[in-house]
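Novice: pasting the structure only:
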């Protein structure tokens, strides 16, 4: 059995968190043992209460003492993880855990180091979302591919699965939206076998709780450049 640590940062997701956890637990993956890690980033709604009442859905619950952002939550999850692989999962319902089946296939068949889920590569279903987000995503994906000699189509998909030994969470320097660019830069630099699979996407509007903004692409691009020319383990 291969253990995969599923890291789920949570902040004020009372409307979706339990349904999401039910979906995660209902996914059957042959040959895979799931370790579910929740990091509550000091939620102020009913999320903490819901988590306390539904401990059967996860292995670990980390409660941050102050609201520190998604990056800080991810780092705490990485420090707790014990799986051979790590998979990121947002607490909303923009991404469907049923796609785990596709994500783990390159691991089981080809011993992949990194598997990226792509919303832009033959996905069965993708919700139409903001033009400037898509343009920004294509731009930073193009930049990442140029600097790292890769051919990803969607580097800011939530679904990033990678071999845990490829990164030391204590060495992560970023804590904002740019952190995924730092993590992907490190695992690509340290790994050898990379795959991409199509995933479905049910994006939210800002009114529905979407948090990322188009201007976040600037810090992402800077991180891609810095990690390429000034890498640290």
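Specialist: Looks like it came in fine. What you see is a predicted model, and the numbers here were worked out from it, not measured in a lab.
Novice: From now on I want contacts and neighbour counts done on CA atoms only, so please keep to that.
Specialist: Noted.
Novice: For the nearest residue to residue 18 once chain neighbours are set aside, which three-state class applies?
Specialist: Distances taken as C-alpha to C-alpha, 6 or more residues apart in numbering put residue 50 closest to residue 18, at 7.4 Å, once the chain neighbours are dropped. Counting by DSSP: H, G, I helix; E, B strand; the rest coil, the backbone at residue 50 sits in helix.
Novice: residues touching the residue nearest the centre of the chain, list them.
Specialist: Closest residue to the average C-alpha location of the chain: residue 88 at 3.1 Å, with C-alpha atoms, centre = their mean. Going by C-alpha atoms under 8 Å, 6 or more residues apart in numbering, residue 88 touches 6-8, 158-161.
Novice: Against the centre of this protein, work out the most remote residue.
Specialist: The chain, C-alpha atoms, centre = their mean, max distance from centroid: residue 53 (25.0 Å).
Novice: Quick check, pLDDT for it.
Specialist: Among the per-residue scores, residue 53 holds a pLDDT of 97.
Novice: Residue 216 too?
Specialist: pLDDT recorded at residue 216 is 68.
Novice: same thing with residue 208?
Specialist: At residue 208 the predicted local confidence, pLDDT, stands at 55.
Novice: Flag the least confident of the contacts of residue 88.
Specialist: residue 158 (93).
Novice: Make sure it is indeed in a strand.
Specialist: No - Residue 158: not assigned to a strand; according to three-state DSSP it is coil.
Novice: Tell me how far it lies from residue 200.
Specialist: 11 Å (C-alpha to C-alpha, to the nearest Å).
Novice: With neighbour numbers in mind, choose between these two.
Specialist: Applying other C-alpha atoms under 10 Å to residue 158 and residue 200 shows that residue 200 carries more neighbours, namely 22 against 19.
Novice: Hmm, the more buried one is touching residue 119, no?
Specialist: Yes - assessed by C-alpha atoms under 8 Å, residue 200 is found in contact with residue 119 at 6.2 Å.
Novice: mind checking the longest helix of the protein?
Specialist: helix 131-148 (DSSP state H).
Novice: for the protein, which spans come out with low pLDDT?
Specialist: 122-130, 132, 204-216, 233 (pLDDT under 70).
Novice: In this structure, what residue spans correspond to helices?
Specialist: 17-26, 47-53, 70-80, 100-110, 131-148, 179-190, 216-229.
Novice: OK, contacts around the closest residue to residue 47 other than its chain neighbours?
Specialist: Using C-alpha to C-alpha, 6+ apart and skipping residues adjacent in sequence, the residue nearest residue 47 is residue 14, 4.6 Å away. The contact partners of residue 14, by C-alpha under 8 Å, 6+ apart, come to 45-47, 50.
Novice: Buried residues of the longest helix of the chain, list them for me.
Specialist: By neighbour count with 16 or more other C-alpha atoms under 10 Å, helix 131-148 contains the buried residues 133, 136-138, 140-142, 144-145.
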